[in-house]
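Colleague: Dropping the sequence and predicted coords here.
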Amino acid sequence: MIDYKFYSSLPEEAKLIRTEVFCDEQGFIEEFDSVDGYALHVIAYVDGEPAGTGRVFKQDDEKSRHIGRVAVLKKFRSLNVGAGIMSQLELKAKEDGAEKTELSSQCQAQGFYEKCGYTAEGESYLDQHCPHIHMFKLL
Ligand SMILES: CC(C)(COP(=O)(O)OP(=O)(O)OC[C@H]1O[C@@H](n2cnc3c(N)ncnc32)[C@H](O)[C@@H]1OP(=O)(O)O)[C@@H](O)C(=O)NCCC(=O)NCCS
């Protein structure tokens, strides 16, 4: 069973999952930033065990929300945990009045976000030496 819990400050579970996935597995160095201070964070629990995380936040545009740091621990992948995290974050964005969600996708994850209904736009770019592309979804 998958449960989702929201946190208005960065929970310990998110720190552990993001460190394992983005730092240890993918080699990113600058993982935590000022956005963590004002984003809404979600943790997905599979049978009570923390399995994945993500965050949603507002930037300049009142009608749009940004989703980011979506990560699922290896042993919980391909169980729809990632897709569930996306749905939960999109629901929160919509409840908050947003008409659109957007994100910066690692190019290797583009197919995952397409499955979640996102469309890529513009050229790919490097963020911490990793190719990314901007994607959006109308809610
Ligand atoms: C990307 C990630 C979050 C996906 O999580 P997940 O729980 O394994 O994904 P789901 O099981 O919810 O997959 C949903 C769908 O997307 C597809 N999918 C998952 N990862 C994919 C990928 N990298 N490329 C293409 N399709 C992918 C699945 O096959 C599934 O398709 P289906 O509905 O036809 O069966 C996870 O692999 C992960 O944490 N990766 C490392 C961190 C990362 O790259 N995060 C994204 C940063 S931008």
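Modeller: Received, thanks.
Colleague: can you tell me which helix in this structure is longest?
Modeller: For the chain, the helix with the greatest residue count under DSSP state H is helix 81-95.
Colleague: What residues of that helix count as buried?
Modeller: 81, 82, 83, 84, 85, 86, 88, 89, 90, 92, 93 (16 or more other CB atoms under 10 Å). From N, CA and C alone the C-beta is placed, and that goes for glycine too.
Colleague: ok, so of those residues, who is nearest residue 106?
Modeller: residue 82 (12.7 Å; CB to CB).
Colleague: For the nearest residue to the closest one once chain neighbours are set aside, name its beta-bridge partners.
Modeller: In this structure, residue 82 finds its nearest non-sequential neighbour in residue 72, 4.9 Å apart by CB to CB, 6 or more residues apart in numbering. Beta-bridge pairing for residue 72 (DSSP bridges): residue 52.
Colleague: From residue 37, how far off is residue 72?
Modeller: According to CB to CB, to the nearest Å, residue 72 and residue 37 sit 23 Å apart.
Colleague: Which strands and helices lie in contact with the longest helix of the chain?
Modeller: The contact analysis (3 or more CB pairs under 8 Å, 6 or more residues apart in numbering; DSSP states H and E) places helix 81-95 against strand 2-7, strand 40-46, strand 49-57, strand 64-72, strand 100-106, helix 110-115.
Colleague: Enumerate the residues of the chain near the ligand.
Modeller: By the rule CB under 6 Å from any ligand atom, the part of the chain lying against the ligand is 21, 70-72, 77-83, 105-106, 108-109, 111-112, 115.
Colleague: Kindly give a single PyMOL line that selects the buried subset of the residues you listed.
Modeller: Per 16+ other CB under 10 Å, the buried members of these correspond to this PyMOL selection:
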select buried, resi 21+70+71+72+81+82+83+105+106+112
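Colleague: Nice, that's everything, thank you.
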